[in-house]
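Q: next one to model:
(one chain, ligands or ions: 1)
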Amino acid sequence: MVENIDILQGFDWRNLSAEQEYDAWKKLKLKIAEQALDLPPVAVEDIANPSESERREIILRCRMNNYAHYATSSDSRDPERTRHDLRAFAAAFGLKIAEAHRSAEEAGIVALRVSADPDKRGYIPYSTRPMNWHTDGYYNAPEDRIDGFVLHCVEQALAGGRNQLLDPEIAYIRLRDENPAYVEALIHPQAMSIPANEEPDGSIRPVSTGPVFYPAANGRLQMRYTARTRSIEWRDDPLTREAAEFLRLHLQQGDPLALSVRLEPGQGILNNNILHNRTGFEDGQDARNVRVIYRVRFRNRVEGS
Ligand SMILES: [Fe+2]
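A: Just a heads-up that it's a prediction; the model follows:
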């Protein structure tokens, strides 16, 4: 399974005329993406201090599929402890926490739960409503791009709250196979703009314009995307609109290589900012069935991936 994995790191996704290289890379990507769907989560005994073999397995999975589903037996519900553990976990993978976020409660670590807090009211992440496909921080300024994040579950909802996740390299394959010009359109530096927005604290978040596909520091493909159709401006070009519509419909219809997971307490997904969504959910009366997910965003990819 890992014999020719070097192809993955060296693949030049911006070269749309190298057919042979593309075919070899695609064949490998599709094979390992399918295998990944059947893998059990990586067992991590102590999330604050992953062992060398646990760490290696998580890095390998991120290198192959841009995500790793893990399961730890830590069942702490203490927010201080959880924040400490997640900081240590991130450090074990060389990840730099993105500090600046309006809801970062402490050092860039955000607890996602239903909230009546005025700062969070009206924001879907803090409600029970479903969330459409996106990558994190798609509205950030280019210099504040998010290249990775972790979702870590402390409590499950009474019902619902399922995540679907899709490796952007698979989305790239779907687009390129439909029409290579779609990929080219989405690489354009003005492909997608998110208009300026007034934040709850009264500050203005400036317009965010950039590509959908861009290279990470190591050259691998990163994605900046939202499936929303309001408050978004696609570049005024027929191919760009077609590409965006194709991708939106493809995700809506469901990619067979998307992972569908209802995270259990102690489980999480560490990833290189892959596409994801969330179904709506219903919380219970008891604290044990009120959904709490910690999210930490990173400026860089998982080390070695
Ligand atoms: Fe997200």
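Q: so which helix or strand takes in residue 138?
A: When secondary structure is defined using DSSP states H and E, no element contains residue 138, which sits outside every helix and strand.
Q: residues contacting it?
A: Going by CB atoms under 8 Å, 6 or more residues apart in numbering, residue 138 touches 192, 194, 208, 224-226. In short, each C-beta sits where N, CA and C put it, glycine included.
Q: for residue 192, same thing?
A: Residue 192 makes contact with 138, 186, 209-212, 224-226, 232-235, 244, according to CB under 8 Å, 6+ apart.
Q: any chance of the residues you listed in a markdown table, with distance to residue 85, secondary structure and pLDDT too?
A: Output for those, formatted as a markdown table (distance: CB to CB, whole Å; DSSP: H, G, I helix; E, B strand; the rest coil; pLDDT from 0 to 100):
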| residue | distance to residue 85 | secondary structure | pLDDT |
| --- | --- | --- | --- |
| 138 | 28 | coil | 96 |
| 186 | 37 | helix | 98 |
| 209 | 37 | strand | 97 |
| 210 | 33 | strand | 97 |
| 211 | 35 | coil | 97 |
| 212 | 34 | coil | 98 |
| 224 | 29 | coil | 98 |
| 225 | 30 | coil | 98 |
| 226 | 30 | strand | 98 |
| 232 | 36 | coil | 96 |
| 233 | 40 | strand | 97 |
| 234 | 40 | strand | 98 |
| 235 | 42 | coil | 98 |
| 244 | 39 | helix | 98 |
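Q: generate a ChimeraX selection restricted to the buried subset of those.
A: Buried residues among the contacts of residue 192 (16 or more other CB atoms under 10 Å), as a ChimeraX selection:
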select :138,186,209,210,211,212,224,225,226,232,234,235,244
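Q: would a markdown table of the contacts of residue 192 with distance to residue 40 be doable?
A: A markdown table is the format used below for these (distance: CB to CB, whole Å):
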| residue | distance to residue 40 |
| --- | --- |
| 138 | 31 |
| 186 | 34 |
| 209 | 41 |
| 210 | 37 |
| 211 | 36 |
| 212 | 32 |
| 224 | 31 |
| 225 | 29 |
| 226 | 31 |
| 232 | 37 |
| 233 | 42 |
| 234 | 40 |
| 235 | 42 |
| 244 | 36 |
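Q: tell me the one of the contacts of residue 192 nearest residue 22?
A: Within these, the smallest distance to residue 22 is 16.0 Å, found for residue 186 (CB to CB).
Q: mind checking how far the residue nearest to that closest one when sequence neighbours are not counted is from residue 155?
A: With CB to CB, 6 or more residues apart in numbering as the criterion, residue 186 has its nearest non-adjacent residue at 3.8 Å, and that residue is residue 212. Here the criterion is CB to CB, to the nearest Å. By it, residue 212 lies 34 Å from residue 155.
Q: please apply the same query to residue 62.
A: Between residue 62 and residue 155 the computed distance is 26 Å (CB to CB).
Q: for the stretch 1-150 of the chain, what spans make up the helices?
A: Assignment of helices within the stretch 1-150 of the chain using DSSP state H, counting those that start in this stretch yields the ranges 6-10, 19-37, 52-65, 79-92.
Q: if you average pLDDT over each of the ones you listed, which is lowest?
A: Considering the helices of the stretch 1-150 of the chain one by one, the lowest average pLDDT is found for helix 6-10, at a mean of 89.
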